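the sequence and its predicted three-dimensional model are supplied below.
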Amino acid sequence: MALIQSIKGVKPKIPDTCFLAENSTVVGDVKIGQHCSVWYNAVIRGDVNSIEIGAETNIQDGAVIHCTYQKAPTKIGDRVSIGHKAIVHGCAIQDDVLIGMGAIVMDHAVIESGSIVAAGAIVTGGTRVEANSIYAGIPAKRIKTVSEENLEMIKRTAKNYMLYKTWID
């Protein structure tokens, strides 16, 4: 069973439609939307500020979602895929976004809808990733516009994780 822990009397709000891997951790002021999945070794830590996650979003293996005390909550939209071992910290991610494996998104960054943050990219604090853009590198910079094929991949990834969670016995 996942570790679900309250902090200062605030317990995470997680609908029954969500899948939480047995070794995932969800702590404190966290609100998760319908039909989400939180995979193995993922940590969602709302101990120092709030974290809100929209519907049909997946937090993949080893990802860390955190925030900054009194400065930066984290808000993640609908149908977002947070890749394996990504770090999402005190930022806003809009709907239909893919955060690649090992990417880092820092405080006060905004990732607009339909965007991709490439694997290993570092989105520095305060950066605004334009809608329907692909950002890559360290620090992350816009490298191109998201194609129709890319948009389909973003949607397919979120949809696939909705399926994968049904496979768990």
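Yep, that arrived. Predicted model, so just to flag it, every value in this text is computed and none were measured. Numbering: from 1, shown residues only.

for residue 105, which non-adjacent residue is spatially closest?
residue 123 (4.5 Å; Cβ to Cβ, 6 or more residues apart in numbering). All C-beta spots, glycine's among them, are computed from the backbone N, C-alpha and C.

how far away is the one you found from residue 24?
Per Cβ to Cβ, to the nearest Å, residue 123 is found 24 Å from residue 24.

residue 101 is in contact with residue 87, correct?
No - between residue 87 and residue 101 there is no contact under Cβ atoms under 8 Å: 11.2 Å.

overlap in contacts of these two?
Residues within reach of residue 87 and of residue 101 at once, by Cβ atoms under 8 Å, 6 or more residues apart in numbering: there are none.

now the phi/psi pair for residue 143, please.
Dihedral angles of residue 143 (phi, psi; degrees, to the nearest 10) stand at phi -110, psi -30.

tell me how many other residues surround the closest residue to residue 146 other than its chain neighbours.
Distances taken as Cβ to Cβ, 6+ apart place residue 132 nearest to residue 146, at 4.5 Å, with adjacent residues excluded. Per other Cβ atoms under 10 Å, the neighbour tally for residue 132 reads 17.

buried residues in stretch 143-158?
For stretch 143-158, the buried set under the neighbour-count rule, 16 or more other Cβ atoms under 10 Å, comprises 146, 150-151, 154, 157-158.
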